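A.B. asks: Sequence and predicted model, in that order:
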Amino acid sequence: MSLDDHPVSRVRWVPIEKVKPNDYNPNRVADVELGLLLKSIEHDGYTQPVVTVYDEDADEYVIVDGFHRYFVAKRSAAVLRSTEGMLPVVVLDKTMAERMASTIRHNRARGKHTLNGMASMVFGLLEQGESDADICNELGLEPEELLKLKHVTGFSKLYEGATYSRAWVSANQIDVARRHAEGADV
């Protein structure tokens, strides 16, 4: 297989109204994750095309993978404006059975975030000076989830015997806030 044989070598922008969901995808995404997907597209743009098959008779693209990227765009006027009403797609040539198998492979291949991996990410963000509020906002976490992730990293050992306060911040968070207040380039 050469590079040209990979579908990603043939990404195309198509009118979103020509893209249709399939009727067999068992994958569901919670509202919090849909919000994060919208934020991702708004902040980073489309980084992955929607995987489709082309139905010549209906002159439409049927989604194999990427329904939630499509769904978020359909619901967001800002995203639709930014893409001029278009959606990035790649087209596969698959039978119905192959499409269904491909949909499941795509869904299952994404994996899940591990507790320790998420905790390490949170600790790294704290060390970079990110505030608890920014971390919760950017990662879609509730404050209680953030607190639990801090405990996993050992962050809580810094405060053994202390009473919890939402005002806790790392030395780097304080330094970043100070430099920001002084107008320094953070």
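C.D. replies: Happy to help now that I have it.
A.B. asks: distance of residue 22 from residue 53?
C.D. replies: 9 Å (C-beta to C-beta, to the nearest Å). Heads up, the C-betas are built off the backbone N, CA and C, glycines and all.
A.B. asks: all strands for this structure, in order.
C.D. replies: Per DSSP state E, the chain carries strands over the ranges 12-15, 19-20, 50-55, 60-65, 86-92.
A.B. asks: which secondary structure elements does the helix or strand of the chain with the lowest mean pLDDT contact?
C.D. replies: Here the helix or strand of the chain ranked lowest by mean pLDDT, DSSP states H and E is helix 171-181, holding a mean of 71. For helix 171-181, the elements it packs on are helix 115-127, judged by 3 or more C-beta pairs under 8 Å, 6 or more residues apart in numbering; DSSP states H and E.
A.B. asks: and the helix it packs on, which residues are buried?
C.D. replies: 118-119, 122-123, 125-126 (16 or more other C-beta atoms under 10 Å).
A.B. asks: and if you look at stretch 17-30?
C.D. replies: 18-19, 22, 25.
A.B. asks: what about it, average pLDDT?
C.D. replies: Stretch 17-30 shows a mean pLDDT of 83.
A.B. asks: Where does the prediction get shaky in this protein?
C.D. replies: 107-114, 153-173, 184-186 (pLDDT under 70).
A.B. asks: and the residue nearest the centre of it, what does it touch?
C.D. replies: Residue closest to the mean C-alpha point of the chain, counted by C-alpha atoms, centre = their mean, is residue 37 at 4.3 Å. By C-beta atoms under 8 Å, 6 or more residues apart in numbering, residue 37 lies in contact with 29, 68-69, 72.
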